[in-house]
Every structure is written in C-alpha cells, then in structure tokens.
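**Q** Output the structure for:
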Amino acid sequence: MSIVQSALERAKKANRLAETTRVTKPAPVTVPVAAPAVSVLTDTAATESMRAPVNWPTGGKVVSVDHERLREHSLYPPGSAVRRQQDDYRSIRREVINATRQPRAPESPPIGPIVVMTSALPGDGKSYNALNLALSIASEGIHDVLLIDADTVRHSLTTALGLEGAPGLIDVLARRGKDFMELTHPTSVERLRFLSAGSRFDGASDLFSNGRVGPLFANIAAALEGHVAIVDTAPILLSSETPVLTDAAGQVLMVVRAGLTLQDSIKDAVSRIKTSVPIGFVLNAWEPVLPSEKKAYYGYEAYVEKQARKSV
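**A** You can find the predicted model right below:
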C-alpha cells in the first residue's frame with residue numbers, strides 16, 4: 001500500500017538558507033503554515049468556486065483514465081487503499097495550491113502554477129505521485145490541471161494512458177512558437193488535461209535548454225494562471241533534462257521512498273536545483289512503525305469505516 005505524507009518548504013527569502021537547512025534528512029517535515037498563507041487561503045476561499053476554467057481547444061481524443069489499467073502499470077492504488085490515499089493527497093494538494101500564491105521573496109511575483117515532480121533515482125514513485133496528485137486537484141472541481149509527461153525516456157504516464165507515439169512535449173519544444181494547448185488531450189476526468197511525452201529521437205535532449213523550456217513554461221504559467229500544471233520528470237541524478245525543468249518551475253516536489261532513498265542522494269539531488277526554487281518533499285511507501293504511529297494510523301482507518309457504516 002502506498003502511503004503518502006508531504007511537507008512543502010516555503011520560500012521565505014529570495015536567497016534560501018544554507019543547503020543544510022534545505023534538506024536535513026529524507027523524511028517528512030512538518031512545516032507550520034505562516035499567518036500570511038492562511039490569510040491568503042481565507043481571502044480567496046469565497047472566490048475559488050468562481051474561478052474561470054482554462055479556455056482549452058475543443059475536440060481531440062478523450063483519454064480514458066481507467067483505474068484498472070493504471071493499476072496494471074503500478075500507477076494507482078488497490079481498492080482497499082484508495083480512501084486513505086485520497087486523504088493523503090488532499091493534504092498535499094492544499095500545500096501545493098497554497099504555495100502557488102506565495103511570493104518567492106517580498107515584493108516578488110507569486111510562485112505560479114507549475115509544479116515539477118522528480119526524485120533522486122528511479123523507483124521512488126514520482127510518476128505515481130504526479131498522476132495521483134493531478135487527479136486529486138482535478139477532483140476538487142476548482143482548478144484545471146495540466147499533467148505533463150516530461151520523462152521522455154520512460155514516459156510511464158504516456159504509456160499508461162495509451163498515447164504512445166502521440167505528439168507531445170518534445171514536439172512543442174522542437175517547434176518554437178507551437179501552441180502547447182493544441183497538443184493537450186482532454187481526459188475522462190473533468191478538469192484534467194494531459195500532454196504526452198511525444199516521440200523521442202536522437203538529439204531530443206538538446207531541446208531541453210533554458211532558451212526553449214523557459215519560454216514554454218512562461219506560456220503555460222500565463223495560460224494556467226490560477227490553475228495548476230504537474231510535470232513528471234526523469235530522476236534528476238540521471239538526467240540532464242530535469243535540472244532545466246526544475247530551474248524553470250514555480251516549485252519542485254521531491255519524492256523520497258521510505259527505507260530506500262539515501263540521504264546523500266537527496267542532498268545531491270537538491271544541489272542540482274537552483275536555490276530560489278521552493279522544494280517540497282513527498283514521503284512515499286511509509287508504514288507506521290512505532291506503537292503510537294500504528295494507533296493513530298489504524299485508529300483513523302477504524303474511524304472512517306465506522307462513519308461509512310453510519311451513512312449507509
């Protein structure tokens with residue numbers, strides 16, 4: 001069962017503190033929500049329901065988000081874990097959406113809608129988390145979500161959603177000025193769109209340059225103002241493309257797998273992201289170990305089941 005906890009680190013200054021304060025250990029960190037963040041959420045709560053949807057192109061193939069197919073690709077939880085995981089992702093999405101409204105520094109622009117999901121090495125669950133976080137945000141019904149497969153080597157999301165060979169991110173980068181919206185696909189989940197990885201070719205890595213990714217992300221941020229883009233990437237320690245994507249992001253979520261990811265790997269991964277970009281951490285595949293943790297965790301499960309029986 002994939003249990004997810006999150007911790008999103010706020011950017012309180014333009015120049016972050018020393019690297020040791022950016023990453024202490026690959027474990028969830030409880031970050032108190034600052035008073036300004038709370039007030040922003042409170043002030044906007046009344047207007048959230050009136051947020052205008054993105055003006056996406058009409059038509060196009062509707063991509064079916066089939067849970068069974070996603071499970072076959074290890075991208076969706078088994079039925080017994082869905083409810084608990086949905087609660088976990090509600091916590092993450094609250095932090096992510098709140099952070100999109102925060103400035104990187106006093107009097108600077110907000111962080112913006114682009115969230116890059118990565119990990120230090122393969123096997124940590126970044127694609128899983130990118131997809132399920134996107135589904136969680138879309139299910140709230142307030143924000144449009146654009147899910148982008150930028151892992152152009154494995155393209156796990158593209159394969160699982162049945163869009164192998166379809167034009168996508170690589171094609172947008174290859175043709176400067178190409179409107180990314182024209183290549184996005186509507187999905188069977190309301191308010192969720194998908195941009196596939198595209199067809200990789202020799203030399204495709206050269207397309208991932210600041211001169212191409214920066215303008216594209218600026219266009220996406222402008223089109224999705226007030227909404228969210230989730231970008232799945234290759235593991236940052238194995239890819240020359242991912243650091244370019246993280247540098248252009250509004251915020252980065254680093255997925256850490258409990259009991260697997262090494263602290264040194266996380267420190268190395270974070271050192272490849274420019275210091276002005278806020279970084280959050282998602283602890284994946286965590287299971288309660290201490291008696292107090294088990295009591296709280298399984299006590300919540302029993303509470304949920306009891307409430308469900310009452311509502312029948």
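**Q** Where does residue 217 sit, in terms of helix or strand?
**A** helix 210-223 (DSSP states H and E).
**Q** residue ranges of the helices in this protein, please?
**A** 19-22, 35-48, 67-72, 82-100, 126-139, 156-160, 169-174, 210-223, 242-247, 263-271, 291-311 (DSSP state H).
**Q** what's the offset of the fourth one from the middle of its chain?
**A** Right, helix 82-100. 10 Å (C-alpha atoms, centre = their mean, to the nearest Å).
**Q** Return the set of buried residues in that helix.
**A** When burial is assessed from 16 or more other C-beta atoms under 10 Å, helix 82-100 yields the following buried residues: 84-85, 88-89, 92-100. In short, each C-beta sits where N, CA and C put it, glycine included.
**Q** That helix versus helix 210-223: what angle between them?
**A** 100 degrees (axes from the mean of the first three to the mean of the last three C-alpha atoms, to 10 degrees).
**Q** Just the C-alphas of helix 82-100, formatted as PDB.
**A** Output in PDB follows, covering the C-alpha atoms of helix 82-100 (Å, rounded to 0.1, in the frame of the first residue of the first chain):
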ATOM      1  CA  VAL A  82      -7.900   4.400  -2.300                       C
ATOM      2  CA  ARG A  83      -9.800   6.200   0.500                       C
ATOM      3  CA  ARG A  84      -6.800   6.600   2.800                       C
ATOM      4  CA  GLN A  85      -4.600   7.800  -0.100                       C
ATOM      5  CA  GLN A  86      -7.200  10.300  -1.200                       C
ATOM      6  CA  ASP A  87      -7.000  11.900   2.200                       C
ATOM      7  CA  ASP A  88      -3.200  11.900   2.000                       C
ATOM      8  CA  TYR A  89      -3.300  13.700  -1.400                       C
ATOM      9  CA  ARG A  90      -5.800  16.200  -0.100                       C
ATOM     10  CA  SER A  91      -3.200  17.300   2.400                       C
ATOM     11  CA  ILE A  92      -0.600  17.600  -0.300                       C
ATOM     12  CA  ARG A  93      -2.800  19.500  -2.700                       C
ATOM     13  CA  ARG A  94      -3.700  22.000  -0.100                       C
ATOM     14  CA  GLU A  95       0.000  22.800   0.500                       C
ATOM     15  CA  VAL A  96       0.800  22.900  -3.300                       C
ATOM     16  CA  ILE A  97      -2.100  25.200  -4.200                       C
ATOM     17  CA  ASN A  98      -1.400  27.400  -1.200                       C
ATOM     18  CA  ALA A  99       2.200  27.700  -2.300                       C
ATOM     19  CA  THR A 100       1.300  28.800  -5.800                       C
END
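**Q** Between helix 126-139 and it, find me the angle.
**A** 80 degrees.
**Q** Pull the residues that contact stretch 152-162.
**A** Outside stretch 152-162, the residues within contact range by C-beta atoms under 8 Å, 6 or more residues apart in numbering are 63-65, 69-70, 73, 75, 127, 130-131, 147, 149, 151, 164, 166, 168-170, 187, 194, 196-198, 200, 204, 232, 234, 239, 241.
**Q** Just the buried residues out of these, in PyMOL syntax.
**A** Of those, the buried ones go into a single PyMOL selection, burial set by 16+ other C-beta under 10 Å:
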select buried, resi 63+65+70+75+127+130+131+147+149+151+166+168+169+170+187+194+196+197+198+204+232+234+239+241
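**Q** In strands, which of the contacts of stretch 152-162 fall?
**A** Judged by DSSP state E, those include 147, 149, 194, 232 as members of strands.
**Q** With pLDDT and distance to residue 217 as extra columns, can I get those residues in TSV?
**A** Shown next, in TSV, are the ones in strands among the contacts of stretch 152-162 (pLDDT from 0 to 100; distance: C-beta to C-beta, whole Å):
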residue	pLDDT	distance to residue 217
147	98	15
149	98	15
194	98	17
232	98	14
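**Q** Cheers, nothing more for now.
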